[in-house]
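Asks: What would the 3D arrangement of this be:
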Amino acid sequence: MFVRAYLRASTSDQDANRARDAVEAFATEHGLHVASWYVENESGSKLSRPELFRLLKDAHPGDILLVEQVDRLSRLTADDWDKLKAELSIRRVRVVALDLPTSWMMATTKTDAFTLRLFEAVNGMMLDVLAAVARKDYEDRRRRQAEGQAKAKAEGRYKGRPEDAQRNQSIATMLDKGMSWSQVQNAIGCSRATIAKVAKRAA
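Replies: Numbers count the residues shown, from 1 in each chain. Predicted structure coming up:
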């Protein structure tokens, strides 16, 4: 059994490694060792996340996917959440989240098969609940943001987010040198959407 930690932040302006200390402390407290770290800056509302699916590809049956919070794993729609759950089930990966105490039992093999199945069932239900809450929170925040922007535009106050010209120039330079999007993303710490925007502008 390997513990594979997944850290995610929504944008390149946020530090995906922010929760690393908390995750390591949890692992140590529960007698676990994090064998691999998977870090990315992608929206949790998207199913297409390269590092998450690299983790799943690397995982073996019984491995643990360790996250700080369920919303780091999913802010997905119900359909996409079902698809991700299917991947987890097929690969027999156990999800353990610091904010989901029912999942902590999954971090130990020192239990009988019946108890383990019971906790898997309870944990699955709680994961569904928290994933739904995370999605609703995401949609509520997007709605409030859109309402605020609409009001600001109507009042002539909305300017939009200023462009990070220095970062975008660095991206353009790396692309001109033939670096792949993954290499640029790892070097800059930006999202693939940002790279796509810069690449489109330069085309």
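
Asks: quick one: the strands in this protein?
Replies: Ranges of strands within the chain are 3-9, 34-41, 64-67, 94-97, based on DSSP state E.

Asks: Let me have those in TSV, adding distance to residue 49 as columns.
Replies: All C-beta atoms are positioned from the backbone trio N, CA, C, and that covers glycine. Compiled in TSV, the strands of the chain are given as follows (distance: least, Cβ to Cβ, whole Å):
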stretch	distance to residue 49
strand 3-9	7
strand 34-41	6
strand 64-67	12
strand 94-97	15
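
Asks: of all those, which lies closest to residue 105?
Replies: strand 94-97 (9.0 Å; Cβ to Cβ).

Asks: outside of the closest one, which residues touch it?
Replies: If you take Cβ atoms under 8 Å, 6 or more residues apart in numbering as the criterion, strand 94-97 is touched by 62-70, 72-73, 88, 103-104, 106-107, 120, 123, 127, 130.

Asks: right, and the strands of the chain - which one's nearest residue 56?
Replies: Using Cβ to Cβ, these put strand 64-67 closest to residue 56, at 7.9 Å.

Asks: Return the set of buried residues in the closest one.
Replies: 64, 65, 66, 67 (16 or more other Cβ atoms under 10 Å).

Asks: and the residues you listed as TSV, adding pLDDT and distance to residue 199?
Replies: Output for the buried residues of strand 64-67, formatted as TSV (pLDDT from 0 to 100; distance: Cβ to Cβ, whole Å):
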residue	pLDDT	distance to residue 199
64	94	37
65	96	31
66	96	34
67	96	31
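
Asks: Most widely separated two among these?
Replies: Pairwise distances across those (Cβ to Cβ) peak at 10.0 Å, for the pair 64 and 67.
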